[in-house]
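**Q** Sequence plus predicted model, see below.
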Amino acid sequence: MTTKALTRCYRFESVDFEPDLRLLVWQDNTETELTVHESRLLETLCYFAGEVISAQSLFDKTFTLVDPYSHESNNHYDLNTLLISLTKKLEYNGEMSIPIEVIPHFGFRVPLPDKTCRLVHTFDKQPRLPAESNQEPKLESATEHIVKYSLLHKISVLLLAAAGVAIVVVSNF
C-alpha cells in the first residue's frame, strides 16, 4: 500500500527543509533527520526568514504549542543547546547550508529561502520517519488530553447522552 502526502518545503541553495517530515534533503538526495524540537526551531526561523527575531520571541513561538497539561510542560528547553545541535546538522561539506546569524543584543536571523513550495511524497506503508520507538514522545493538544483523561469530560458526555436518550423517549409518548 502506498500513501501520498503533501508537505511544506523551504528550498535553500543546497538543501530543502521539510518541516512536516522533519527532514533536511540535500542536493544529492541524502537526508538528515531532525528532532521534533530542532525542526520546530528551524521552522520558526524560516517562517520569519530575513527578519531578526529575539531569543525570547523565538523561544515563545517555537514552544507555545507544547501542551500545558502534559507532564512534559515542566521541562525547560535550552535554546542554546538546541541551536548548537541544529547548526551541526545544517553543516554540509564544510559549509552552513542555512546560516543562522546571531545578532548580538537583538536575536537571530536566517536568510530568505530561494523558494517555498509544497511537495508530494509517496510512502510505501510507512513514512520516512524513524520507528516509533526511536521518536520523541508525541505531543498531544490540550483538547486531546482532556478527551482522553478528564473524568469531568467523560461525565459530561455521559450526561449529554442520557439527556438525548431521555428526549427521544419523552418525544415518543
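**A** Structure received.
**Q** Can you get me a residue count around the spatially closest residue to Val15 that is not a sequence neighbour?
**A** Using Cβ to Cβ, 6 or more residues apart in numbering and skipping residues adjacent in sequence, the residue nearest Val15 is Ser97, 4.2 Å away. All C-beta atoms are positioned from the backbone trio N, CA, C, and that covers glycine. Neighbours of Ser97 under the rule other Cβ atoms under 10 Å: 19.
**Q** cool, Tyr77 as well?
**A** 14.
**Q** give the contact list for it.
**A** His37, Phe59, Thr62, Phe63 (Cβ atoms under 8 Å, 6 or more residues apart in numbering).
**Q** Distance check, the last one against Ser57.
**A** Between Phe63 and Ser57 the distance, using Cβ to Cβ, to the nearest Å, works out to 11 Å.
**Q** which of the two has more neighbours?
**A** Remark: of Phe63 and Ser57, Phe63 carries more neighbours, 18 against 15, as counted by other Cβ under 10 Å.
**Q** Test my guess that that one contacts Gln56.
**A** No - counting by Cβ atoms under 8 Å, Phe63 does not reach Gln56; the two are 11.2 Å apart.
**Q** picking that back up, so who does the residue nearest to Val15 touch?
**A** Residues in contact with Ser97 (Cβ under 8 Å, 6+ apart) are Phe12, Glu13, Ser14, Val15, Leu24, Trp26, Leu90, Glu91.
**Q** and the last one, how far is that from Thr35?
**A** Distance of Glu91 to Thr35, computed by Cβ to Cβ: 16 Å.
**Q** Check whether Val15 really touches Glu91, as I assumed.
**A** No - the criterion here is Cβ under 8 Å, and Val15 misses it with Glu91 at 10.6 Å.
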